[in-house]
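[1] generate coordinates for the sequence data below:
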Amino acid sequence: MALDNIEKLIEKYFEAETTLAEEKELKAYFSSDNVAPPLEQYKPIFGYAAKAKQEQFTAAIPLHTKKSHTLLWISVAASVVVLLGVGFFTFNHHNQPISEDFGTYDDPEVAFRETQKALDMISQSVNEGIGSMDYLSEYEQSKNIIFK
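    Now for the predicted structure:
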């Protein structure tokens with residue numbers, strides 16, 4: 001009766017229908033010494049667990065105890081470079097005279113002409129942007145034709 005039960009469990013195992021308890025029963029049966037001769041072929045499949053529990057890792061793992069200070073020195077050097085750059089920039093710009101010409105005009109006609117130039121330049125840029133919007137209307141028309 002036990003042999004029939006084990007054969008049924010093996011079938012269920014290969015059909016992936018066994019429970020954990022049934023798999024433990026199969027592992028216990030195949031790890032014992034009294035395995036029926038027709039079932040000897042399945043012994044390596046189910047006997048791996050007992051062998052795997054006995055295996056131990058014995059190789060030595062090399063530990064690097066020497067600390068590398070390279071990263072520390074790189075960060076110190078980077079900090080010094082940044083501080084020197086900020087100091088150089090501050091020193092060069094500190095001694096330059098400050099211009100007090102803020103684009104103000106005493107003559108209203110000159111101010112009007114300069115304002116017209118600036119607004120014309122802005123208008124040209126806006127018109128270029130609007131011109132590129134024509135592609136969107138073509139896209140919308142194509143989309144409406146395709147997705148009716």
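[2] quick one: L3 and I45, what's the gap?
    Per C-beta to C-beta, to the nearest Å, L3 is found 17 Å from I45. The way it works is simple: take the backbone N, C-alpha and C, and place the C-beta from them, glycine included.
[3] for K27, same thing?
    With C-beta to C-beta as the criterion, K27 and I45 are 10 Å apart.
[4] who has more neighbours out of these two?
    Neighbour count, other C-beta atoms under 10 Å: between K27 and I45, K27 has more, with 16 against 13.
[5] which helix or strand contains that one?
    helix 20-31 (DSSP states H and E).
[6] and the least confident helix or strand in the chain by mean pLDDT, how far out from the chain's middle?
    Least confident helix or strand of the chain, by mean pLDDT, DSSP states H and E, is helix 48-54 with a mean of 71. Distance of helix 48-54 from the chain centroid (C-alpha atoms, centre = their mean, to the nearest Å) equals 38 Å.
[7] same thing with stretch 109-122?
    51 Å.
[8] got the confidence number for T65?
    On pLDDT, T65 comes in at 69.
[9] re the thing from before, now do the least confident helix or strand of the chain: which elements does it pack against?
    Counting by 3 or more C-beta pairs under 8 Å, 6 or more residues apart in numbering; DSSP states H and E, the packing neighbours recorded for helix 48-54 are helix 20-31.
[10] buried ones in the helix it packs on, by neighbour count?
    The neighbour-count check on helix 20-31 (16 or more other C-beta atoms under 10 Å) flags E25, L26, K27, Y29, F30 as buried.
[11] next: stretch 43-55.
    Of all the residues in stretch 43-55, those buried under the rule 16+ other C-beta under 10 Å are F46, G47.
[12] contacts for that stretch?
    Stretch 43-55 has contacts (C-beta atoms under 8 Å, 6 or more residues apart in numbering) with L26, K27, Y29, F30, S31, V35.
[13] host element of N127?
    helix 108-131.
[14] how far off centre is that helix?
    Averaging C-alpha positions (C-alpha atoms, centre = their mean) puts helix 108-131 46 Å from its chain's average.
[15] next SSE after it?
    Counting by DSSP H and E, what follows helix 108-131 is helix 134-146.
[16] quick one on the thing from earlier: helix or strand right after the least confident helix or strand of the chain?
    Counting by DSSP H and E, the next helix or strand C-terminal to helix 48-54 is helix 70-94.
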